[in-house]
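Student: need the 3D shape of this:
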Amino acid sequence: TPLNPTMPGQGDNLAAETRALQQIEFQRLRTEGLKVQREAQARFTRGETDAAIQLLTEHLAKLKEAPLDPKDRNTLQQSIEYRLQTFKVLKIQRDAETSFATRQQQKAKQFADKAAEREARFKQTAELMKQYNQLMEEKKFADAEVIALKAQELDPDSDVIATAVNIAKMAKRHANWNKL
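Tutor: Next up is the predicted model:
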């Protein structure tokens, strides 16, 4: 029989049908929400934090548009919103930890690079000073002075190298004086 809006009790029947349809939709969205939360948790665990947050945000928007009783909608939204907030906080923490670790690695690399550079400069300086000593023994004072100046460019703060430069200059001058 067709529904006639003038028949008594028919409004109650329509309200019951609407409520029954809302309950079916509630159960469907509840099941879907649990599935979305599991998927979001899996993505978050894999490190796909933005994807997990996006998944929950999209489901939350879907819930807000769903034809549900406000009380039922609120019930479904609460767990999604809680998980969403938790993920956002954890993402901020994880991002901060990652940023800190990256900065630490960069600083350690810079320190290691500087130490390697200092070590290379030290080895070069030591080799130049060995050549300097050899040239001084061979009485090649001008060449010894050039080598000492090169060493001084590598290590300008060394008093030993500055002294070697002066000794080579004085020895060169003395040798030139003796030739006159």
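Student: Ala116 in helix, strand or coil?
Tutor: Using DSSP: H, G, I helix; E, B strand; the rest coil, the structure places Ala116 in helix.
Student: what does the one 3 residues further on give?
Tutor: Recorded secondary structure, Glu119: helix (three-state DSSP).
Student: residue numbering should commence at 23 henceforth.
Tutor: With the count now opening at 23, the last piece we talked about shows up as Glu141.
Student: give me the neighbour count for it.
Tutor: Neighbours of Glu141 under the rule other C-beta atoms under 10 Å: 10. For every residue, glycine as well, the C-beta is placed using N, CA and C.
Student: what about the most centrally placed residue in the chain, which helix or strand?
Tutor: Against the mean C-alpha coordinate of the chain, by C-alpha atoms, centre = their mean, the closest residue is Ser121 at 3.9 Å. Secondary structure from DSSP states H and E places Ser121 in helix 92-159.
Student: next one: that helix to chain centre, how far?
Tutor: 8 Å (C-alpha atoms, centre = their mean, to the nearest Å).
Student: again, but for stretch 194-202
Tutor: Once both centres are worked out by C-alpha atoms, centre = their mean, stretch 194-202 turns out to sit 65 Å from its chain's centre.
Student: quick one: contacts of that stretch?
Tutor: With contact meaning C-beta atoms under 8 Å, 6 or more residues apart in numbering, stretch 194-202 is reached by Lys161, Phe163, Ala164, Ala166, Glu167.
Student: distance of the first one from Ala173?
Tutor: So that's Lys161. Noted for Lys161: a distance of 19 Å to Ala173, by C-beta to C-beta, to the nearest Å.
Student: try the last one
Tutor: Noted for Glu167: a distance of 11 Å to Ala173, by C-beta to C-beta.
Student: before we move on, what about the second one?
Tutor: In this structure, Phe163 lies at 15 Å from Ala173, with C-beta to C-beta as the measure.
Student: neighbour-wise, which of those two wins?
Tutor: Per other C-beta under 10 Å, whichever of Phe163 and Ala173 has more neighbours is Ala173, with 25 against 20.
Student: need the contact list for that one.
Tutor: Gln146, Thr147, Leu150, Met151, Tyr154, Ser180, Ile183, Ala186.
Student: mind giving me the PyMOL command for buried ones among those residues?
Tutor: In PyMOL, this line selects whichever of the contacts of Ala173 come out buried by 16 or more other C-beta atoms under 10 Å:
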select buried, resi 147+150+151+154+183+186
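Student: with distance to Gln127 and pLDDT added, can I get the contacts of Ala173 in TSV?
Tutor: Converted to TSV, these look like this (distance: C-beta to C-beta, whole Å; pLDDT from 0 to 100):
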residue	distance to Gln127	pLDDT
Gln146	28	94
Thr147	30	93
Leu150	34	93
Met151	36	93
Tyr154	40	90
Ser180	33	90
Ile183	35	92
Ala186	40	94
